[in-house]
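Participant: Pasted the sequence and its predicted model underneath.
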Amino acid sequence: MKKLALAALMGTLLMGTAMTGSASAANIGVSMAQFNDNFLTVLRNGIIDYAKTMPDVTLQVEDGGNDVNKQLSEVQNFIASKVDAIIVNPVDTDATTAISKLAADANIPLVYVNRQPSNMDTLPANQAFVGSDEKDSGTLETKQICKLLKDGGKGSGANVYVMQGQLNNQAAVQRTQDIHDVIATSDCSFIKIIDQQTAGWQRDQAQSLMANWLTAGTPYDAVISNNDEMALGALQAMKAAGVDTKTVIIGGVDATQEALASMKAGDLKVTVFQDAAGQGKGALDTALALAKGTKVDKAVWVPFQLVTPENIDTYMSKN
């Protein structure tokens, strides 16, 4: 699968889509995994705001409510209403085979966004994925945490906790594998994972999990989280327990506004920018291209970027 930066994506798709404008009216169904998520809200608004620049494009945007069956029902409703294309941010990436079949049987183009479908290798001809390569996300995060631990004198041995997203989610699986892969290298082999558990991408679950770890009393040097929401939950638990969060290394992924504010305050030490709005725009461009019969790549990649206190100002207004 060819990797494309966002600029290349826009250039390629503009030839087949935006240069012709919205020459014919298009009705696009959008099913988000959930509305109650900061990053996914930016992604959803990216799709909506971009659609507003195209007068003949109409969106039907639905909340999957983090429920696989509800999302399947939404896709069925889109098909029944004869939309021109469907965009899905999947609740469960293991359920995408069923979604793909529904769309393919109805001959309606389908674009997955942000969360890579488990059936990526067998997507039908009029289906695609727009997102960021998760092999980079956890890798960038963990390499930077490894560096910070070394810089802090922990190169002879460091204990870390790992917070995972939903275990049935491809991004959580890959980001966690990234962590293990980095730690397996000679440069970072001094790091030991003392516990690894899921907090379901959620701040409140992460706060409870971190509180349990703190109660156990095992010494730790860092927390590597699959996303910013869980990293922020861990920080809340630490503050509630009287931990000096300026001295602990906490990392996440997404570079949400709250995460960047935490970094500015000296708490969050590492995050990775995932271009939510860019993914949203790319997904809509891809859906419109497929609806017009334009050929697109099966996977369109929007690069991840490491964010640290040194370069944070570049990202303050992006997500």
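Facilitator: Done, it's in. Numbers count the residues shown, from 1 in each chain.

Participant: if I look at M120, how far off is Q202?
Facilitator: 26 Å (Cβ to Cβ, to the nearest Å). (C-beta placed from N, C-alpha, C; glycine too.)

Participant: Among the two, which residue is more densely surrounded?
Facilitator: Q202 (20 against 17; other Cβ atoms under 10 Å).

Participant: how far away is the more buried one from F39?
Facilitator: 12 Å.

Participant: where do the contact lists of the two overlap?
Facilitator: Common contacts of Q202 and F39 (Cβ atoms under 8 Å, 6 or more residues apart in numbering): E229.

Participant: give me every residue that touches T245.
Facilitator: 235, 238-239, 266-267.

Participant: give me the number of residues near G152?
Facilitator: If we define neighbours as other Cβ under 10 Å, then G152 has 13 of them.

Participant: Please apply the same query to V68.
Facilitator: 18.

Participant: Please apply the same query to K295.
Facilitator: K295: 10 neighbours (other Cβ under 10 Å).

Participant: Which secondary structure state does it sit in?
Facilitator: coil (DSSP: H, G, I helix; E, B strand; the rest coil).

Participant: Export the contacts of T245 as CSV, with columns for neighbour count and secondary structure.
Facilitator: Formatted as CSV, the contacts of T245 follow (neighbours: other Cβ atoms under 10 Å; DSSP: H, G, I helix; E, B strand; the rest coil):
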residue, neighbour count, secondary structure
L235, 26, helix
M238, 21, helix
K239, 13, helix
G266, 11, coil
D267, 21, coil
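
Participant: now those in TSV, with pLDDT and distance to H180?
Facilitator: Shown next, in TSV, are these (pLDDT from 0 to 100; distance: Cβ to Cβ, whole Å):
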residue	pLDDT	distance to H180
L235	98	23
M238	98	24
K239	98	29
G266	97	29
D267	98	25
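
Participant: Return the closest of the residues you listed with respect to N126.
Facilitator: N126 has its nearest neighbour among the contacts of T245 in L235, at 43.6 Å by Cβ to Cβ.

Participant: roughly how far apart are A95 and Q166?
Facilitator: 12 Å.

Participant: next one: I47
Facilitator: With Cβ to Cβ as the criterion, I47 and Q166 are 22 Å apart.

Participant: can you pull out the strands in the stretch 151-300 of the chain?
Facilitator: 158-164, 191-198, 222-225, 249-251, 271-273, 299-301 (DSSP state E, counting those that start in this stretch).

Participant: Can you tell me what sits against the first one?
Facilitator: Applying Cβ under 8 Å, 6+ apart, the contact partners of strand 158-164 are 145, 149, 172, 175-176, 179, 190-199, 206, 209-210, 213, 218-226, 230-231, 234.

Participant: List the contacts of V61.
Facilitator: V61 touches 30, 32, 44, 47-48, counting by Cβ under 8 Å, 6+ apart.

Participant: Please flag which of those residues sit within strands.
Facilitator: 30, 32 (DSSP state E).

Participant: Closest one to A125 out of the contacts of V61, please.
Facilitator: Nearest to A125 among the contacts of V61, with distances taken as Cβ to Cβ, is V30, at 21.4 Å.

Participant: Would you mind confirming that the closest one is in contact with Q60?
Facilitator: Yes. V30 is within contact range of Q60, at 6.7 Å (criterion: Cβ atoms under 8 Å).

Participant: out of those two, which sits in the busier spot?
Facilitator: A count of neighbours by other Cβ under 10 Å puts V30 above the other of V30 and Q60, at 26 against 15.

Participant: So, low pLDDT: which residues of the stretch 1-150 of the chain?
Facilitator: Residue ranges of the stretch 1-150 of the chain with pLDDT under 70: 1-24.

Participant: Show me where it has its strands.
Facilitator: 26-32, 57-63, 85-88, 110-113, 127-131.
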